[in-house]
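In: Provide a 3D model corresponding to the input given below.
(2 chains)
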Number of protein chains: 2
Amino acid sequence: MTPDEFRKAGHQLIDWIADYRERIPDLPVRARVVPGEVRKALPVGPPGEVDDFASVLADLDRVIVPGVTQVQHPMHYGWFPSNASLASVLGDIASAGMGTLGISWESCPALTELEEVVCDWLRQLTGLSSQWRGTIHDTASTACLTAMILARERAGDFCKNSSGLQGLAAPLVVYSTAQAHSCVAKAVQLAGFGNDNLRLVAEDPYTRAMLPAALSVAIEDDLAAGRMPAAIVCSVGTTGTTAMDPVGAIAAIAKRHRLWLHVDAAMAGSAMLLPECRHLWQGVEQADSLAWNPHKWLGTILDTALFYVRDVDHLERVMSSNPSYLRSAADGEVTQYRDWGIPLGRRFRALKLWFHLRLEGVAAIRARLRRDLDNARWFASRVEAAEDWEVLAPVPLQTVCIRHVPRDASGRTLAGDALDRHTLAWVDRVNASGQAFLTPALLDGRWMVRVSIGVEATTREHVARLWQMLQQAV
Amino acid sequence: MTPDEFRKAGHQLIDWIADYRERIPDLPVRARVVPGEVRKALPVGPPGEVDDFASVLADLDRVIVPGVTQVQHPMHYGWFPSNASLASVLGDIASAGMGTLGISWESCPALTELEEVVCDWLRQLTGLSSQWRGTIHDTASTACLTAMILARERAGDFCKNSSGLQGLAAPLVVYSTAQAHSCVAKAVQLAGFGNDNLRLVAEDPYTRAMLPAALSVAIEDDLAAGRMPAAIVCSVGTTGTTAMDPVGAIAAIAKRHRLWLHVDAAMAGSAMLLPECRHLWQGVEQADSLAWNPHKWLGTILDTALFYVRDVDHLERVMSSNPSYLRSAADGEVTQYRDWGIPLGRRFRALKLWFHLRLEGVAAIRARLRRDLDNARWFASRVEAAEDWEVLAPVPLQTVCIRHVPRDASGRTLAGDALDRHTLAWVDRVNASGQAFLTPALLDGRWMVRVSIGVEATTREHVARLWQMLQQAV
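Out: Numbers count the residues shown, from 1 in each chain, chains lettered A, B, ... in the order given. Here you go, the predicted model:
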């Protein structure tokens, strides 16, 4: 395809995207296709002939759009927000259009240095000290795996250079809670620790925050048994209920035992642009690594997960590789991001953060975050005030965990499996309507419903409409 | 930013990209900025005010473009080709514009099912049997780490669910060669095996291919010493010289000892669209996992690395996590790609492959690959025929490894450190000229120069011009 053919098709595609974004509010929130439906609409074998752009564009409408769950829809309250601001989309388009290659500083100096700059801007915007240096990973899951490997190599004294985990005298142990994101257990398993060496520390029964005293006991128990505590993963905003582990108290324990402390603030990191929220991660300066996702609430399109560390030397010593075919005259003077993570090649992801911050503006982003916090408090207050409805956990951010608990004629509240069936039935009715989307999750073994507010397009009016819908759905 | 503001800015950006692509041949191939130059052109702190799009676009020209090494330039012969066809760029733009979220089938059924379809199209196009199922990773490095974890968990009988690598009776061992990509040693280290448990099997001194007899001996030695051979990484096209390990012979050994066999065909995979090249990975059907990068020679923009496995049950058993907040009614009926790799969230990467294959056409892609193979053979024949020039390795693909070995007045050829200085001096002159770009690499401890042909825009005329330049540069 020549640049001129691209120009023509590109203009059509921009119009298609703008039109598509405009009509999102009219589309069902959850995709209505059944398993296999998209696949069956596509040829079994590769294309034999060259297609024209018009037919590809038509297939986007015919095959792809019906198979998209509309996470940019103002009535999407599922999982966590996954905003993709159009400003950041422009940055992503610039990245695609330039077709750069990030395998070393030399392969694209601007890619490396803009990434350094925007990561530092976000460090400043979230009130972190200049001790931290950041990079962009694809997801917080990858960042968590990287952190677990960094912890392993610190506790194991760079065992990667000798016998790995296979030569250590005592098994390394990791501490977190059952509320931590599923990527934590996965990272512990993938990094080779083994699930038996992951301790799920007790939490407060209401706030679901890790109990520091229980953490201390668990560490002491492992030490007494001859095991070697290596790392703690502390959640600032869990996925289930946005529970906040007490970072400061946990950091003190980590320091006492010289454990690696990784802070997973995937969702809550965006809130740290607001000074009034920073008490939620008080103590974070004592952590060793930290991850959060601008591709959630902040609104920079996927995949934009920030990963910060304080000890860059350690990071590079663990993650680096220096084959001769990548050496260049600039080595030693520049950052080589290939030595900061798992993949060698990287896209020019910094552009989407750069465009997002410059074109949306920090003030507008902060105002939107505050709007969502306020909407969540308003929604929680409605639910709390309503008969038969419960808010099940604190609402430190923008996610409200609720349940409808009806009574029978004799005034007895629904419970147990019957309550589960009721919960799943009403959330299914809402989701099947196409008018809104929410995700259920288990809390203490029982289903509840998470109302996660924070789509860019979601206003108070939408939240009020949701509340009305829920009351009608039960 | 509203859809209409996006529409206006998007049209400007499309024109900017088309203009930029048109003028790439006039830009220096290697970026001319010095370390820190891009960073210094940017504000130290985050933007206080909202910028207009015109100023962001102007900064692309002012700050970013001078910091880009032009890997789409027809005179780029460095590393490996990193083509970003404009057809695939359109697919990437569609992906960005839609702003979808891939964390489960339910979050975007089309994302999952189109990925299944295009991975299967490429399976068919490369002549693989229907035993294989594929997914898209960011890079072959991540795919290799995943493969090492899969191997570890097969040999270690799912030790991830118990004590991990910390509880095994005998250490697990991995086999590869010193020619394998740096990601292999990195993956072995990150997966916890430890570098002492990586065996670099002897290679043929000219072809640099792994010697199966040496592999057998190494395995027998480890078995005799009470260690447990676990995996072999076989390179189909190494990075240094595109050396081809004999997959069939290695697969037979892997089968005999029940080792996991991972085939790294990152570069050579594209060639497998050509039936006449498939002898290069004869035996691949016996491997357990396989990775190759359409984002190299095939031309689908980064990040598009294919990862195929035959035993999907094993893959999912090792990589899966099923938190309640991701459960949906479709579970069990659909593919959950989060259980096929490290990250949870994924972009809609299948679109760029879909657009690329449909808009470029398979016939045109095959013709381009054949053009490049032919150009490499032509270039190698010129070098071989020229006095004082040497081709140092076989040319099975599109990369030619060369050295200029001048003689002094008495007819003695330059050697040792003096030859290294000569080699690095002439390649530096070429690269500094901005007229072409090549990357040096070590071969048997001495510098040589890799001429890697295969940029979409590179014709015979460009290769001839390069050959002329090199003769003048020495």
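In: From here on, just use CA atoms for contacts and neighbour counts.
Out: OK.
In: Just give the number of residues close to the residue lying closest to A:Leu438 once chain neighbours are set aside.
Out: Spatially, and ignoring its direct neighbours in sequence, A:Leu438 is nearest to A:Gly78 (4.2 Å; CA to CA, 6 or more residues apart in numbering or on different chains). A:Gly78 is flanked by 26 other residues according to other CA atoms under 10 Å in any protein chain shown.
In: A:Gly416 too?
Out: Here the neighbour count serves as a burial measure; for A:Gly416 (other CA under 10 Å) it reads 10.
In: Write down the beta-bridge partners of the closest residue to it other than its chain neighbours, one by one.
Out: Counting by CA to CA, 6+ apart, the nearest residue to A:Gly416 once its immediate chain neighbours are dropped is A:Arg446, at 7.6 Å. Counting by DSSP bridges, A:Arg446 forms beta bridges with A:Leu443.
In: Please determine how far A:Arg446 is located from chain B.
Out: 10 Å (CA to the nearest CA, to the nearest Å).
In: can you pull the contacts of the residue lying closest to A:Leu273 once chain neighbours are set aside?
Out: Of all residues not flanking A:Leu273 in the chain, A:Thr126 sits nearest, at 4.7 Å (CA to CA, 6+ apart). Neighbouring residues of A:Thr126 by CA atoms under 8 Å, 6 or more residues apart in numbering or on different chains: A:269-270, A:272-275, A:278.
In: Look up phi and psi at A:Thr126.
Out: With angles defined as degrees, to the nearest 10, A:Thr126 shows backbone torsions of phi -100, psi 10.
In: just so I have it, where are all the helices in the stretch 51-200 of chain A?
Out: A:53-59, A:86-98, A:109-125, A:140-155, A:182-190 (DSSP state H, counting those that start in this stretch).
In: residues touching the residue of the stretch 201-350 of chain A found nearest chain B, list them.
Out: Ranking the residues of the stretch 201-350 of chain A by distance to chain B (CA to the nearest CA) places A:Tyr325 first, at 4.5 Å. Contacts here follow CA under 8 Å, 6+ apart; on that basis A:Tyr325 touches B:79, B:239-240, B:439-442.
In: doesn't it fall inside a helix?
Out: Yes. When classified by DSSP: H, G, I helix; E, B strand; the rest coil, A:Tyr325 is found to be part of a helix.
In: Now do it against B:Pro440, distance only.
Out: Shown here: A:Tyr325 relative to B:Pro440, a distance of 6 Å by CA to CA, to the nearest Å.
In: now A:Gln72
Out: If you measure A:Gln72 against B:Pro440 using CA to CA, the figure is 47 Å.
In: quick revisit: list buried residues within the contacts of A:Thr126.
Out: Members of the contacts of A:Thr126 that pass the buried threshold by neighbour count (16 or more other CA atoms under 10 Å in any protein chain shown) are listed as A:269-270, A:272-274, A:278.
In: so how far is the longest helix that chain A contains off the chain centroid?
Out: Selection of the longest helix in chain A by residue count, based on DSSP state H, yields helix A:362-385. Here the centre of helix A:362-385 is set off from its chain's centre by 19 Å, with CA atoms, centre = their mean, to the nearest Å.
In: Buried residues of that helix, list them for me.
Out: Neighbour counts using 16+ other CA under 10 Å place A:362, A:365-366, A:368-377, A:379-380, A:382-383 of helix A:362-385 among the buried residues.
In: go on, stretch A:224-244?
Out: Applying a neighbour-count criterion of 16+ other CA under 10 Å, one finds A:227-244 buried in stretch A:224-244.
In: For the residue with the largest distance to the centre of chain A, grab phi and psi.
Out: When each C-alpha in chain A is compared with the mean C-alpha position (CA atoms, centre = their mean), A:Ser410 comes out farthest, at 44.6 Å. Geometry field for A:Ser410 lists phi and psi as phi -90, psi 10, criterion degrees, to the nearest 10.
In: Can you check the pLDDT for it?
Out: pLDDT, the model's per-residue confidence, is 91 for A:Ser410.
In: for A:Leu125, same thing?
Out: Looking at A:Leu125 specifically, the model assigns a pLDDT of 98.
In: wait, doesn't it sit right on A:Arg366?
Out: No. Distance between A:Leu125 and A:Arg366: 10.3 Å, which falls outside the contact criterion (CA atoms under 8 Å).
In: Grab the most central residue of chain A for me.
Out: Nearest residue to the geometric centre of chain A (CA atoms, centre = their mean): A:Ala266, 4.3 Å.
In: OK, contacts around that one?
Out: The neighbourhood of A:Ala266, defined by CA under 8 Å, 6+ apart, consists of A:140, A:236-237, A:291-293, A:296, A:305.
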